[in-house]
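>>> Predicted coordinates and the sequence they were generated for:
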Amino acid sequence: MCAFLGAIKFEWKTQCAQRSNWLLALAFMAIFWLSFRLQELPLRSAIGFSVSTAQGLGLFGGLFIAVMSVQNLLRETHRGFDHVWSRSLPAKNYTWLKFFGSSLTVFTFSLPTLLCFLALLLFYFGSGAVLSGLKVWIILILPTFLFIISLSLLVSLLIRRNVIAALVLALIIAGDLVQNFDVTGLLAFAPYDIYTSAMIGFGPDDPFVLLNRALYLILTLLNCVLSLILSNHCLPVIANKKYPWVAAFRIFIVMSLVAGSWWIAERYLGLSRIANVPANPVGHILQKEACTLFDSYKIEFVLDETGKIISGTALLKLQPVKSEVIIPITLNSGLEMAESQVIVDRSLILSSYEESASIEREVRIDYRGEMIIPRFAYTTFYQEQDIAALGFEAGYYADSRYVFIFGTGTWHPFSECPPDSVTITIPNSYPVIYSSADTAITGENTSSSTWSTFTSGVMLLAGKYPHYVQDKAWNILLPDRLMAEDTQSLLLDTYQSAIFHLANHVSASEKLPKRIIIVPLIRQTYQQDALNIFFIPERLSFTRELIDTGNDSAEPSNNSGFVTSAALDVMTSWWCEERTCPELSNILVSRHTDIGFRQEDHLTSALLYYASLQLSREIDQEIDVGEMVGLYETALDDPLQMVQLPIMLPPESIRVLSQLNALWDRITPQDFWQLMKECRNQSRPTPIQIDEFAELVDMITGQDFRDLQGTPP
Amino acid sequence: MKTKGFKAKRDTIFASLIRSYYDLKCSSIGYFWTSVFFIGVSSILVLEANLDLVERQVRLALLTEVISPIMIGFFSNTILMNEIESGSAVFPATRLGLPVLWSRRVGALFLTYCLVLASVLTIVNIFYPEIGYSRYAFASLPTCLFISGLVSAFSFVFKEMNAGFLAGTFIWSLNFVGARAALSVFGPQFYIFYGWAALKYSLPPGFFWTNKTILTFFALVLYLLCIFLLQNSEVILASKR
């Protein structure tokens, strides 16, 4: 054993002594610095930074390792090394020697990059981030690099020509990277940054990451075993005596590893199919239309100790129908429903009145399983209007530490139909942070909450937040290392100011302290309890505006763009109080009302944007509302200028924006905010239209809105 | 007399080519079979029935402008470094200067590659004449020259073959795997697979000739650097001894 370890040490020294291998360290370093922007580091979470760098190294580093390993693995098979093989060197020792030697060399040459990475983590996120960052790198990079080394070993033994082996490996790996440059691919190296969270780690993608990494480790073992078997035949060793039982044992090991990797791959692909299920907005629309058939809809929902398995029961009382009706069931694909005669292909089939025995019918749907959250629901990317309108479709997330449940979600079979009563039972291991329930009963091991009035917003939030900032006016719950401390403070200060000023204008109650809770996965801010609780998304699509990334200093500079965006986010959450209106929130993601907005929302978009400009002027005195409106008016004549503006508004909205600015000059701020409150009340359930708005303006301010003209550009 | 002189010259060139071919065959084992394999695989992939014209063009561009340069780059790296690393370069070096030997072998390598490229394009054009020759030939050759120049230069600078492989893989993967990012960083003038990217991402074809001219220029600079490095052949040979 000592001799073997000594040989590994010698091999490692030999490889490290080669000058060309030093280039590997340079290549790693180059890829590391190319995989993130230093100026944007203060905006990122520690885990986001760790994942993107690990992904960069995993993607490109593998190629360099493959090319380097081939030369090192085949060194002794070149001409001039015949004397090495004249001794009775066991082939398996040579193979293991090369595998461990190459692994140590790769580790040695990745050390400078690792140190750089840890130093950046320490500098931007503090010492607590170092261990978690290291853990991410070990999970994401180590299995990939080991797999590449073992694959190089196998291919080198098979081909035994270093150029051709290197070429084959480069083409295989690059081809795989190009073809599977997506988290959905089986051979993807790491989940995208957008699927990572400072709060819940990989969150819904946890099983994918674990399965993917496990697959790579098994494939590494498989490659090594195959290499050991091949080494006897491919290397110029002196043949040893062959035993049949050794061959049988090797075949057994290989078969077991193949079966293991096959099982993991199948499981991964099965989960992946569910997670990547395309959005079905039509099903939601059809279900919404059928909600009128429900006389009563009750849900009982139970979460198990691990936070993974849920079981539920939906009790329906349905009106009789004259002809057969098919109601789509939008229950999450990870949940299985008990067999029922009225459920076919995830649809509820209601037969006609003549065929049914009773006038009113009762249906019971039992379901159970593990929620798998579709990825389209929580990306911060632009989405089509109908998909964006689904919002955070699952409306549910639970792991061993947190539970989030929203009213609208596919954790119950008819997510578009407001239930009459909901009972949710969770283990006592989750301390409740927020609950909008009417009654709550705490038992020995579980606590049950019951809702008799429905809210589409946040129903229940439980778990232990790592950070809790508390003073007289504010309670803030935060994840660890959401972003660098300075930028995090700037973000929270801006939101606090926006909420404070808005509450001053529109809220009668002055309940203190107000609460801000950072929530993962969601795309829009929710506001509940009359402007007293705000649920802000962990990943805001406009955090880039917090700092001026154009300059190299990465110092917070002109962040008026962020102030306006945050004000708009807060305004929108107030406008949509306790209900989801993703079609309005989408403006912050798409920045384009023509795409993100429906035609009937043009007035609302202008109203919200103008009000948020006024709100942001109160936060930052340097913001000139008149100047901003003037820029939009200019963009009416020169559409190319629109691209440079914060949000692309359609011409109808720009005209309303001009009129609102003219109105602002003629009325008091109190009248304006009174107008906003009335508009909000009248916007339910359908958005307010221009005629109704003009009447309101006349009634509250005495001005004729249609006669108002904006400032000429 | 004139005819005799011409014949003699012709015989000398022919003999020189034959010698280069043998040199190439000895120093770069597998190149011939890899070329045959490349012709076969390329023809099968491009002539696949279920492709429309654009997909076929993208695939042909991928094979000729992206895959073949790394292949040529890797083989050109070995044509002299193999002998230098095994310590046998001293024998041919007594007969010819290393710059001449290397240039002759690179010339033979590219001549062979031109034949391979011509074969692939001819096979494709027999079935799809609208695809043409010139665009792919001019897309492939400057990129092959550039990658092989880069790979050889790195090998000669570090006096190790591995350095060339790593440098070539680095540039190639950066431009291929991270195509979009590389395109935005290098711009259409300097991105090394512009012909392929222009087809794949529907980019303006106007930059094609500028791009290839710039690449050819850089390739020539790298080749001159290689010759300069090889002129000091004693140092290279001594380092291995």
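Right, received. Where do you want to start?

>>> Just checking, which helix or strand of chain A averages the lowest pLDDT?
helix A:593-596 (a mean of 50; mean pLDDT, DSSP states H and E).

>>> again with chain B
Min over SSEs of chain B, mean pLDDT, DSSP H and E: helix B:233-240 (a mean of 57).

>>> which bits of chain B sit near chain A?
Listed as neighbours of chain A in chain B under the rule CB under 8 Å from any CB of the partner chain: B:28-30, B:34, B:67, B:70-71, B:74-75, B:77-78, B:85-88, B:154, B:158-163, B:165-167, B:169-170, B:172-174, B:176-178, B:181. All C-beta spots, glycine's among them, are computed from the backbone N, C-alpha and C.

>>> list the contacts for the residue positioned nearest the centre of chain B?
The C-alpha lying nearest the average C-alpha coordinate of chain B belongs to residue B:144 (CA atoms, centre = their mean; 3.4 Å). By CB atoms under 8 Å, 6 or more residues apart in numbering or on different chains, the contact set of residue B:144 is B:68-69, B:72-73, B:110, B:113.

>>> rerun at 10 Å
Neighbour list for residue B:144: B:64-65, B:68-73, B:76, B:109-110, B:113-114, B:117, B:215, B:219 [criterion: CB atoms under 10 Å, 6 or more residues apart in numbering or on different chains].

>>> pLDDT wise, what is it at?
Looking at residue B:144, its pLDDT stands at 95.

>>> What's the separation between it and chain A?
14 Å (CB to the nearest CB, to the nearest Å).

>>> ditto for residue B:151
Counting by CB to the nearest CB - residue B:151 and chain A are separated by 11 Å.

>>> Now the host helix or strand of that residue: buried residues?
Applying DSSP states H and E as the criterion places residue B:151 in helix B:134-158. Neighbour-count burial for helix B:134-158, counted by 16 or more other CB atoms under 10 Å in any protein chain shown, picks out B:135-136, B:138-156, B:158.

>>> what's the answer for stretch A:4-15, then?
A:7-8, A:11-12, A:15.

>>> next one: stretch A:341-357
A:342-343, A:347-348, A:350.

>>> for it, the distance to its chain's centre please.
38 Å (CA atoms, centre = their mean, to the nearest Å).

>>> and what of stretch B:111-123?
The chain centre lies 12 Å from the centre of stretch B:111-123; the measure is CA atoms, centre = their mean.

>>> Which residues does that stretch contact?
B:17, B:20-21, B:24, B:28, B:31-32, B:34-36, B:38-44, B:46-47, B:60, B:63-64, B:68-69, B:71-72, B:75-76, B:110, B:131-137, B:140-141, B:144, B:148.

>>> just checking, which of those belong to helices?
B:17, B:20-21, B:24, B:31-32, B:34-36, B:38-44, B:46, B:60, B:68-69, B:71-72, B:75-76, B:110, B:134-137, B:140-141, B:144, B:148 (DSSP state H).

>>> Out of these, which end up buried?
In those, the ones that pass as buried (16+ other CB under 10 Å) are B:20-21, B:24, B:31, B:34-35, B:38-39, B:42-43, B:46, B:60, B:68-69, B:71-72, B:75-76, B:110, B:135-136, B:140-141, B:144, B:148.

>>> sec struct for residue A:449, please.
Using DSSP: H, G, I helix; E, B strand; the rest coil, the structure places residue A:449 in strand.

>>> neighbours of the closest residue to it other than its chain neighbours, just the number please.
Distance criterion CB to CB, 6 or more residues apart in numbering or on different chains; nearest residue to residue A:449, sequence neighbours excluded, is residue A:437 at 3.5 Å. By other CB atoms under 10 Å in any protein chain shown, the residues close to residue A:437 number 21.

>>> just residue A:30 next, same as before
Residue A:30 - counted by other CB under 10 Å - has 17 other residues nearby.

>>> Looking at it now. What's its pLDDT?
With respect to pLDDT, residue A:30 has a value of 92.

>>> Okay, it and residue A:113: tell me how far apart.
Distance, residue A:30 to residue A:113, using CB to CB, to the nearest Å: 9 Å.

>>> do residue A:481 as well
The separation that residue A:481 has from residue A:113, given CB to CB, amounts to 21 Å.

>>> Verify the contact between residue A:458 and residue A:434 for me.
Yes: with contact defined as CB atoms under 10 Å, residue A:458 reaches residue A:434; the gap is 6.4 Å.

>>> Show me whatever sits in contact with both of the two.
A:404, A:517, A:519, A:528-529, A:533, A:535.

>>> Between the buried residues of stretch A:4-15, which sits nearest chain B?
residue A:15 (10.1 Å; CB to the nearest CB).

>>> check contacts around the residue nearest to that closest one when sequence neighbours are not counted.
Spatial nearest neighbour of residue A:15, excluding adjacent residues (CB to CB, 6+ apart): residue A:105 at 4.2 Å. Residue A:105 makes contact with A:11-16, A:18, A:21, A:24, A:65, A:68-69, A:72, A:149, according to CB under 10 Å, 6+ apart.

>>> Is it possible to get JSON lines of the residues you listed that adds pLDDT?
Output for the contacts of residue A:105, formatted as JSON lines (pLDDT from 0 to 100):
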{"residue": "A:11", "pLDDT": "85"}
{"residue": "A:12", "pLDDT": "88"}
{"residue": "A:13", "pLDDT": "89"}
{"residue": "A:14", "pLDDT": "86"}
{"residue": "A:15", "pLDDT": "85"}
{"residue": "A:16", "pLDDT": "87"}
{"residue": "A:18", "pLDDT": "83"}
{"residue": "A:21", "pLDDT": "83"}
{"residue": "A:24", "pLDDT": "89"}
{"residue": "A:65", "pLDDT": "90"}
{"residue": "A:68", "pLDDT": "86"}
{"residue": "A:69", "pLDDT": "85"}
{"residue": "A:72", "pLDDT": "80"}
{"residue": "A:149", "pLDDT": "92"}
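
>>> Serialize these to a markdown table and add fields for secondary structure.
Output for those, formatted as a markdown table (three-state DSSP):
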| residue | secondary structure |
| --- | --- |
| A:11 | helix |
| A:12 | helix |
| A:13 | helix |
| A:14 | helix |
| A:15 | helix |
| A:16 | helix |
| A:18 | coil |
| A:21 | helix |
| A:24 | helix |
| A:65 | helix |
| A:68 | helix |
| A:69 | helix |
| A:72 | helix |
| A:149 | helix |
